[in-house]
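Participant: Below: sequence and its predicted model.
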Amino acid sequence: MASIERVKVTQILDSRSNPMIEAEVQLTDEILTRATVPFYESTLLLGGFKQHDKWPESQDFEKINRIIGPELIGKNPTDQTGIDNCLLQLLDGAVNEELRAIGLAVSIAVCKAGARVMNIPLYEHIANLARNKTLVMPVPAFNVINGGSRAGNKLTMQGFKILPVGACSFREAMDMGMRIYFHLEAVIKTKYGQDATNIGYEGGFSSSIQGDNEALGLLKTAIDYAGLTGKVVIGMDVAASKFYGTDKTYDLNFKEKKNDGSQKISGVALKSIYKSYVAEYPVASIENPFNQDDWEHYSNLTSEIGEGVQIVGDNLLANPKTVEKFINKTTCNSPFLKVKELLIRLCIRKKVETEGEITIPKMVEMAINKKSCNALLLEVNQIGSVTESIEAVKMSKLAGWGVMASHRGGETEDFIADLSVGLAMGQIKTGAPCWSERHAVYKKLMQIEEELGLEATYAGANFRKPVEPY
């Protein structure tokens, strides 16, 4: 069987012209695979301060290649767990996944190589790694209205999504999503004017909508106009950590600097708002409804409406940590510590956008025990390896949770398409049906469904629990 002959890590640009890691794995039989991972999106917290210095330099990658590459040469690319464990050792067991974008890129490239060696599709290889026997096409969660800190409108919440749960296939779900997207554009033009259909980062409309309730009303109208009432539900990505203050209140007017504080509310009041939206609109999923440390209100909301509504933990299942203790280590006598020291320097100089958020299986386990939410948002680049992604998904499913695969801003990789099918996640969030990097994932999913033919199963209304735990 072919073994790994060469590993190379370099830097390219993502879809937003920010730095991105690319890993290249070549086997002895000349099979060559590549994988990319954006690493600028999570801010490295160092002693409480965000670092916004320089981008990584070419000599840094040369040093990394001299250390990581030789450790993997000769290894069997189908031994995903073994290689991922090796990469984890090379990073000296770092818990802070921000230090592991490079390892993840290599992990994904190895996974692709393993599929090639086995001569099976990537999604099937991933299913085999997880011992999952049922492949499921996910329900796409189209982010069609952008708000929060990512848009210059009055919307407090970061994103509003539509999920075509009433479709019979993924291709039909895409058709439903496009129909609503175009109807929504028409509704926005009619209400706000011809120039009101600006597009945000995620491909959603970032119009001058005056409030979250108004945004939900627009979505309901667009769904009705498309003739899809009852077949499409709504999801909200609140990103509540963005408007949570040191006084432990939520400022619904956080976009207005130095405001009078009249729109600051408690977690209990915010919970009541969510419950009113669920009562009035077909809301089936709420992501990041509270601050990442607000376990109490997460638990209460899940207890009160979790049976009928998916409460998605993203920031909650994150564990931002400082790496100050690693920086303070001035003596590095082993190659492992040298790799980590080098990765730390890379991360300190990286260009970043949002706060440090690192999803790890340990945080999933804690949330399960606290019954704080009932769904996992899986962003692979926050986990660190393919093996850990599989572990987090299996743990979530065993707890009866839903699992939503998610892209990261700027990524150009379609790996999450194969991952979502292979692990039978049931749902996937990768932006609106707009922008080429979003289309790449949707296109790959349509190709997978065509390959599966009559064996293709669409999650549909079972998007929260498409299969039994495996």
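Facilitator: Okay, I see it.

Participant: end-to-end on stretch 243-250?
Facilitator: Across stretch 243-250, the terminal residues are separated by 6 Å (Cα to Cα, to the nearest Å).

Participant: roughly how far out does that stretch sit from the chain middle?
Facilitator: Computed by Cα atoms, centre = their mean, to the nearest Å, the chain-centroid distance of stretch 243-250 equals 25 Å.

Participant: If you count neighbours, what's buried in it?
Facilitator: Buried positions in stretch 243-250, judged by neighbour count with 16 or more other Cβ atoms under 10 Å: 243-244, 249-250. In short, each C-beta sits where N, CA and C put it, glycine included.

Participant: Would you double-check that Val7 falls in a strand?
Facilitator: Yes: the assignment for Val7 is a strand, going by DSSP: H, G, I helix; E, B strand; the rest coil.

Participant: Now that it has come up, it's in contact with Ile64, right?
Facilitator: No: Val7 sits out of contact with Ile64 when judged by Cβ atoms under 8 Å, with a separation of 9.9 Å.

Participant: of those two, who's got more company?
Facilitator: Ile64 (24 against 21; other Cβ atoms under 10 Å).

Participant: Not counting residues beside it along the chain, what's closest to that one?
Facilitator: Val9 (5.6 Å; Cβ to Cβ, 6 or more residues apart in numbering).

Participant: Sketch out the low-pLDDT regions of this structure for me.
Facilitator: By pLDDT under 70, the weakly predicted segments of the chain are 39-60, 91-100, 314-363, 381-382, 409-412.

Participant: how about the helices in it?
Facilitator: For the chain, the helices defined by DSSP state H cover 58-72, 80-90, 101-118, 122-130, 170-192, 212-225, 267-280, 295-305, 324-327, 335-349, 361-370, 386-398, 415-422, 436-452.

Participant: For Ala151, which of these is the nearest?
Facilitator: helix 212-225 (10.5 Å; Cβ to Cβ).

Participant: Now do that closest one: everything it contacts.
Facilitator: 144-145, 147, 155-157, 160, 162, 180, 183-184, 186-188, 191, 209, 229, 232, 234, 236, 277, 280-283 (Cβ atoms under 8 Å, 6 or more residues apart in numbering).

Participant: Going through the residues you listed, which ones are buried?
Facilitator: 144-145, 147, 155-157, 160, 162, 180, 183-184, 187-188, 209, 232, 234, 236, 277, 281-283.

Participant: Just those residues: which are in strands?
Facilitator: Secondary structure from DSSP state E places 144-145, 160, 162, 234, 236, 283 of the buried ones among the contacts of helix 212-225 in strands.

Participant: Nearest to Glu391 among those residues?
Facilitator: Nearest member of these to Glu391, counting by Cβ to Cβ, is Met236, at 28.0 Å.

Participant: Isn't that closest one up against Gly159?
Facilitator: Yes: look at Met236 against Gly159 with Cβ under 8 Å: they come within range, at 7.2 Å.

Participant: before we move on, the earlier item: got the contact list for the residue nearest to Ile64?
Facilitator: 21-24, 61, 64-65, 68, 102, 105-106.

Participant: Repeat the analysis, applying 10 Å as the threshold.
Facilitator: 21-25, 60-62, 64-65, 68-69, 101-103, 105-106, 109 (Cβ atoms under 10 Å, 6 or more residues apart in numbering).

Participant: So it versus Arg464, what's the distance?
Facilitator: 37 Å (Cβ to Cβ, to the nearest Å).

Participant: and if you look at Ala173?
Facilitator: 16 Å.

Participant: Of those two, which one has the most company?
Facilitator: Per other Cβ under 10 Å, whichever of Ala173 and Arg464 has more neighbours is Ala173, with 30 against 21.

Participant: wait, isn't that one in contact with Phe142?
Facilitator: Yes: using Cβ atoms under 10 Å, Ala173 is in contact with Phe142, at 9.2 Å.

Participant: Residues that sit against both of the two, list them.
Facilitator: Shared contacts of Ala173 and Phe142 (Cβ under 10 Å, 6+ apart): 162-164, 232, 442.
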